[in-house]
Structures are given as structure tokens and as C-alpha cells.
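1. compute the structure for the input listed below.
(chains A and B)
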Amino acid sequence: MARTIKSKRDKRHRRRALLGVALVAPLVIWLLLTIAYPIFSLIRLSFLDVGIIGTGGDFVGLANYQKVLSSRTFGPSMGRSLVWVLGNGVLQTVLAFVAALVLNLPFRGRALARTWVILPWIVPTVVAVIVWRWMLGTSGGIVNTVLLRLGIVQEQIGFFSTGASAMSSLVVMNSWRFFPLLTIIILAGMQGIAQDLYAAAAVDGASAWQRFLNITLPGLKPVLFVMGLVGTLWSVNIFDVIYLVTGGGPSRATMTMPVLIYDMAFLQYRLGRAAAAAVLMALVVTLFTIAFIYFLAPRGDDQDEAWR
Amino acid sequence: MSDSKRNLAIRYGLVFVVMFVIIAPFYWIYSSSLKESSEIVAQAPSLVPQSITLDHYANLLSSSDYPIYLTNSVVVSVATMAITVVLSTSAAYGLYRLPFPGRKTLYRLILLAYIFPGSLLLIPLYVMLSNLKLLDSQVALIVVNVTFAAPFSVWLLKAFFASIPFELEEASALDGANWLQTLLLIVVPLASPGVASVAIFAFITSWTEYMFASVLIVSDANRTLPVGLAGIIGQYVIDWGLLLAGAGATTLPIILLFVLIGRFFVRGLLEGGVKA
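-> A predicted model of the protein is given here:
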């Protein structure tokens, strides 16, 4: 009797496991076809001499890689991507911390503010581009007008006219778009910090700054890890803001890796070479990811509570 | 002023500054898009519109290709939303509720797909879709958008699924319901804020996507809103009134969706984030 119940339960267990596999399978197959297979074909393409899509491609070994590595555009673009990632990383993180600390204070309408803070992240990039170009314009742009009236500057600032100013303006625009998401992630982390720690610290007479340094920051470690990793990978990937505002200019000053790859593939019609550049970028990103996880992953952080 | 009153004033001042940074650009789009052309190009911009007109919106709808782009964007976004909801809800049910060996590894691989830089897939997906004769079709955009929306959606659903008691599913099974009935009649309704969040996320992903839409679509008749609007920016003389109206009109559906289900979406982000 006991045995039949057990085997019945086993059978039920097995059937549920099979059902689980069957339910996950469609998504996994979809992702294999649209991510895994394309990665494979990207690598293949990088060894072929392909110009325009549809033209034949001879196997050329490492020729594409040699051309990319010896070109005058590849190294500087890698450097610009690094500047881009660091600039965005610093600005976004600072903005997000300030916003999260403020939105974590008790105030009326807090739930509403926490919902709508995400707005810049969900509007189309092209809309953000239109707004910022409109605001940063040199004839009647609101930012220049306000700066002039307040006497902070004496003449109009050309926000996109020099390489350095274009890069900085783009970093500001992109950080405005992404800091809301980081704010929410930090707020999520803050919710996970036990409140009695703060109460105890207050009893001990710790200042707000000490509480931030000794309780909030350490409590946010796992969240900061995720933010550092995901934030970097997303920043590296940004194409649309840059392409839509400067197209990589002036004189290539904002041509980061994704813009360079796009330019090679779809404006210069060198698909094979662009594929090689993409593979090289993927290698760097992968090495970064492995190093980041290896050195910085919070230890003993198991997520078992969420699994039953 | 007493100490606590001053603290209160500082606190609300800080909240104002943060929300100003978020909201002010949107105020600036909408208020400018209502001004008459002469006021828009004025050297001294007016903070509050001195003239109110809906001309730019009328132009947008009557004498530009905006209605075509809008239709295309709606078709692509709704289809992306439907496929993403089905794929990610069923995957989430399998991953979080039906124990099978290797599911944690699978979950991590899906997360990896979510952080994988999409710009690296541009070239191979372009080649693949071209070989399949799907270039310049909305199917191509739907395929790509689902790929980028679904992994995040699976993650987003985790917190919502975790909050449903297993006892309810067991009771439903005892009542003779099969798995599909249990999923559709018990689990999905209880996780409905999560499913709604996934729907809004997939819709937004698709509504805002620019890079793939600019490469995979060739003809003007198949363009979506972001690429169509970018075409207006690229013109030699920019009609700012039209462009601002276009930006305002393109943002409006997102704001409306967010009024309805935004709080669930952010709740999903907040609760999912803890157990990332």
C-alpha cells in the first residue's frame, strides 16, 4: 500500500518535471535560434570575405581581424567605449544614489514618485534625443537661455560642437535615461536592509553619513554587484543615442564600438570586417564579465528562498 | 522655523529637485509642441506657451507619414507583447513551480541572454533574417523584439510567482483540474499584476526599439515610429513643431499605459531586484 502511494507520487513528480521542461522549452528554443545561433554565425562570418549581404564569401582566415586591428579606427573606438562606460557609470551611479536616498525618505506621494521616476527609461530613445537636442540647442535652446540669463556663461555653449563637449553631452543624456532604472534597483536593495539596524545606530548616536557608510552601503553590496555588471554591459551596448545625435562625430570623437561596427557593416558594406570587430568586442566584454564575477561576486549569496 | 519644520522643507525640496530632473523635459516637449511655429523658433523661449495651437498635431496626422508609422508600431508592439506574454509566462511557470533538474542553470542562462549586448547580434540577425527573406517585414522586428523582451520578463515574473501559495495549486489539482486549467485559472489570475508588467515591458521594448528597426526595415511604408521620427530629425531644415508633436504623440501611449499598470511594473522591479 505504502509502496503504491510512493510510486504514484514518484510518477506524479516525474510528470510535473516533464511538464516543466516542456513549458520552458519554447522560450529556450527561441533564444537558441535568435541568440546562440547568431553568435555562432557571427564568428563564422568574421572569417569570410563578405561585403554586401548576399554576395559570396571566401574563407580568408584571420585577414578580417588583421585589417580591423591595424585600422586607424579600431583602437580609438575601443578607447572611446571605455570613456563612455566609465563616464556613464560614474554619473548614473551618483544620480541614482541621490535619487534613491531621497525617494527612500518618508514623504507624501512617495509611491507615486517611485512609480514615475522610471519615466525617462521607458520613453523611446528618439524622443529623449528630440527633447535634449531641443533643450541644448544654440538658438533659443532653454538651457543656453537660462545659463545666459543667470550670467553663468557669456555666450552660447555649443553642446555638440567639439569632441569633448559632444561626448559629455551624450553621457548626460544617456545617464538621464538610465539612472531611473538604477534608482529602482537601489531602492529595492534598501528595502532588503533590516530597519532595526538604523534604529540601533540612531540610539548609538551615529550621524546620517555614518549610517549610510556603515549600514546602507554594505547592505547594498549584492545590488551594487548586479548594477556594476549589468550597467556596464548595457552602457557598452548603447548605439541609438549616439548615432541619432552625433552619428559618431564630430570627426569620430563619439564613435564608440557599436557605432563603428554599424558604420562598417551598413555604411561601408564590409560585413566580414564588421563581424570581426564585433567578435573582438565580444571577447573584451566576456573577459570583463568573467573578471568582474570572479573578483567581485558576493560570496555565500544563495537565492534559495525564491526556489521551492 | 523649528528644526523639524526645516527638515520637512529640505526633504520636500529634495523630492522636488529629483522629480524636476525627471519631469521637466517632458513638460518642455508638451508645452513647446502646443506653441505656434513663430513662438517655437523665437530666440527667447517662453516657459509657459503664449499661444496655444493643435496645428502641429493636425499636421502630424494629416500631412506626414506619422499615421503609417503609428500603425506599424502598434502592429509590431501588440504582436511582440502577445508572444512575449505567452512564452515568458509558460517558461516562468515551468522554472518556478515545476521542479526539474537543471532549472537553476537554465534560469541563469536566460538571465545571461538578458544582459547580452544586442548590438553584437545586429549583423548576424540581419544576415539570418535576410536569408529567410524576412528583411523589410514586420515579422523580423517582432522576432527580434521578443528575443530582447522575454528574458527580462521571465526575471520580472519571479517575485509574482513566488508569492502564490502552492496549496492553491494542489487544491486545484485535487479538484481534477489539469495543468493548463491550473495555470490559466489559478496561477495567472493571481500573478496578473506580474503578467501585466510583462505585457507593458514587452510593449515598451518594441515601441522604443530603434537600432534593429533602422537596419531590418528598408521601405518607408514599413517603418516604425522611432525610425520615422529619426527621419524627420535627419532632414536639412527641421520642422521643430512637427518633431515635438511627433515626440509628444509617441510618448503618450506609454504614459497612458503607465497610468494604468505602472505601479505593478515598478513593484515587480522592486521585488524582483532583491532576489536578482
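2. surely residue A:88 meets residue A:176?
-> No: contact between residue A:88 and residue A:176 fails when scored by C-beta atoms under 8 Å: they sit 10.5 Å apart. C-betas here are computed from N, CA, C, even on glycine.
3. of the two, which one has the most company?
-> A direct count of neighbours by other C-beta atoms under 10 Å in any protein chain shown for residue A:88 and residue A:176 places residue A:88 higher, at 24 against 20.
4. quick check on residue A:72: phi, psi?
-> Main-chain dihedrals, residue A:72, degrees, to the nearest 10: phi -80, psi -10.
5. from residue A:249, how far off is it?
-> 16 Å (C-beta to C-beta, to the nearest Å).
6. comparing these two, which residue is more hemmed in?
-> Neighbours were counted for residue A:72 and for residue A:249 using other C-beta under 10 Å; residue A:249 has more, 15 against 7.
7. tell me the SS of that one?
-> Assigned by DSSP: H, G, I helix; E, B strand; the rest coil, the conformation of residue A:249 is coil.
8. same thing with residue B:52?
-> The three-state assignment at residue B:52 reads coil, by three-state DSSP.
9. middle-most residue in chain A, spatially?
-> The centre of chain A sits closest to residue A:234, judged by C-alpha atoms, centre = their mean, with a distance of 1.9 Å.
10. contacts only, for that residue.
-> Taking C-beta atoms under 8 Å, 6 or more residues apart in numbering or on different chains, we find residue A:234 in contact with A:178, B:115, B:117.
11. where do the helices sit along the stretch 1-150 of chain A?
-> For the stretch 1-150 of chain A, the helices defined by DSSP state H, counting those that start in this stretch cover A:2-31, A:37-45, A:63-70, A:74-103, A:110-116, A:119-122, A:125-135, A:142-149.
12. just put those helices in a markdown table and tack on distance to chain B and mean pLDDT.
-> Output for those, formatted as a markdown table (distance: least, C-beta to the nearest C-beta, whole Å; pLDDT from 0 to 100):
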| stretch | distance to chain B | mean pLDDT |
| --- | --- | --- |
| helix A:2-31 | 3 | 83 |
| helix A:37-45 | 4 | 90 |
| helix A:63-70 | 12 | 87 |
| helix A:74-103 | 5 | 92 |
| helix A:110-116 | 5 | 88 |
| helix A:119-122 | 5 | 90 |
| helix A:125-135 | 4 | 88 |
| helix A:142-149 | 5 | 84 |
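13. check the ones you listed for me and report the most buried one.
-> helix A:125-135 (a mean of 24; mean count of other C-beta atoms under 10 Å in any protein chain shown).
14. now residue 230. Nearest residue, chain neighbours left out?
-> No chain specified, so I'll use chain A. In this structure, residue A:230 finds its nearest non-sequential neighbour in residue B:115, 5.4 Å apart by C-beta to C-beta, 6 or more residues apart in numbering or on different chains.
15. let's do chain B instead
-> Residue nearest to residue B:230 in three dimensions, not counting chain neighbours: residue A:126, with 5.3 Å by C-beta to C-beta, 6+ apart.
16. surely that neighbour meets residue B:210?
-> Yes: judged on C-beta under 8 Å, residue A:126 makes contact with residue B:210 at a distance of 6.0 Å.
17. quickly list what's touching both of the two.
-> In contact with both residue A:126 and residue B:210: A:240, A:244, B:226, B:230, using C-beta under 8 Å, 6+ apart.
18. got a markdown table for those, with pLDDT too?
-> Below are the shared contacts of residue A:126 and residue B:210 laid out as a markdown table (pLDDT from 0 to 100):
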| residue | pLDDT |
| --- | --- |
| A:240 | 90 |
| A:244 | 89 |
| B:226 | 92 |
| B:230 | 88 |
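19. out of the residues you listed, flag the one nearest to residue A:132.
-> For these, the residue nearest residue A:132 by C-beta to C-beta is residue A:244; the value is 10.1 Å.
20. what sits against the residue nearest the centre of chain B?
-> Centroid-nearest residue in chain B, with C-alpha atoms, centre = their mean: residue B:204, separated by 1.4 Å. If you count contacts by C-beta under 8 Å, 6+ apart, residue B:204 has them with A:122, B:254, B:257.
21. let me see the confidence value for residue B:209.
-> For residue B:209, the model assigns a pLDDT of 93.
22. how much space between it and residue B:224?
-> Taken as C-beta to C-beta, the span from residue B:209 to residue B:224 is 8 Å.
23. how about the helices in the stretch 101-250 of chain B?
-> Going by DSSP H, counting those that start in this stretch, the stretch 101-250 of chain B shows helices at B:103-115, B:122-131, B:138-162, B:166-174, B:179-181, B:188-190, B:192-208, B:211-216, B:225-234, B:240-274.
24. let me know the angle separating the last one from helix A:125-135.
-> Think helix B:240-274. 120 degrees (axes from the mean of the first three to the mean of the last three C-alpha atoms, to 10 degrees).
25. please apply the same query to the first one.
-> Helix B:103-115 and helix A:125-135 meet at an angle of 40 degrees, taking the same axes, to 10 degrees as the criterion.
26. ok, residues contacting helix B:103-115?
-> For helix B:103-115, contacts defined as C-beta under 8 Å, 6+ apart pick out A:20, A:24, A:27-28, A:31, A:35, A:229-230, A:233-234, A:307, B:91, B:94-95, B:147, B:151-152, B:154-155.
27. and the helix or strand where residue A:217 lies, how far from the chain's centre?
-> Using DSSP states H and E, residue A:217 sits within helix A:217-219. Put simply, helix A:217-219 sits 22 Å off its chain's centre (C-alpha atoms, centre = their mean, to the nearest Å).
28. and if you look at stretch A:105-121?
-> 22 Å.
29. repeat for stretch A:165-178
-> Distance, centroid of stretch A:165-178 to centroid of chain: 14 Å (C-alpha atoms, centre = their mean).
30. in it, what's buried?
-> Across stretch A:165-178, burial judged by 16 or more other C-beta atoms under 10 Å in any protein chain shown covers A:165-167, A:169-178.
31. touching chain B at all, it?
-> Yes: Stretch A:165-178 reaches chain B (C-beta under 8 Å from any C-beta of the partner chain) through residue A:176.
32. quick one: low-confidence residue ranges for the stretch 1-150 of chain B.
-> For the stretch 1-150 of chain B, the stretches flagged by pLDDT under 70 are B:1-2.
33. please redo it, this time with the cut-off set to 80
-> B:1-3, B:36-52, B:115 (pLDDT under 80).
34. which residues of the stretch 151-300 of chain A lie near chain B?
-> So the stretch 151-300 of chain A meets chain B at A:176, A:180-181, A:184-185, A:187-189, A:191-192, A:222-223, A:226, A:229-230, A:233-234, A:236-237, A:239-240, A:243-244, A:257-258, A:261-262, A:265-266, A:271, A:274-275, A:278, A:281-282, A:285 (C-beta under 8 Å from any C-beta).
35. cutoff 6 Å now
-> For the stretch 151-300 of chain A, the residues in contact with chain B (C-beta under 6 Å from any C-beta of the partner chain) are A:184-185, A:188, A:192, A:226, A:230, A:233, A:236-237, A:239-240, A:244, A:258, A:265, A:274-275, A:278, A:282.
36. as JSON lines, the contacts of residue A:234 with distance to residue B:139 would be great.
-> Shown next, in JSON lines, are the contacts of residue A:234 (distance: C-beta to C-beta, whole Å):
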{"residue": "A:178", "distance to residue B:139": "30"}
{"residue": "B:115", "distance to residue B:139": "26"}
{"residue": "B:117", "distance to residue B:139": "24"}
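37. closest one to residue B:27 out of those residues, please.
-> Set against residue B:27, the nearest of those by C-beta to C-beta is residue A:178 (20.7 Å).
38. let me see the contact set for that closest one.
-> Listed by C-beta atoms under 6 Å, 6 or more residues apart in numbering or on different chains, the contact set of residue A:178 reads residue A:92.
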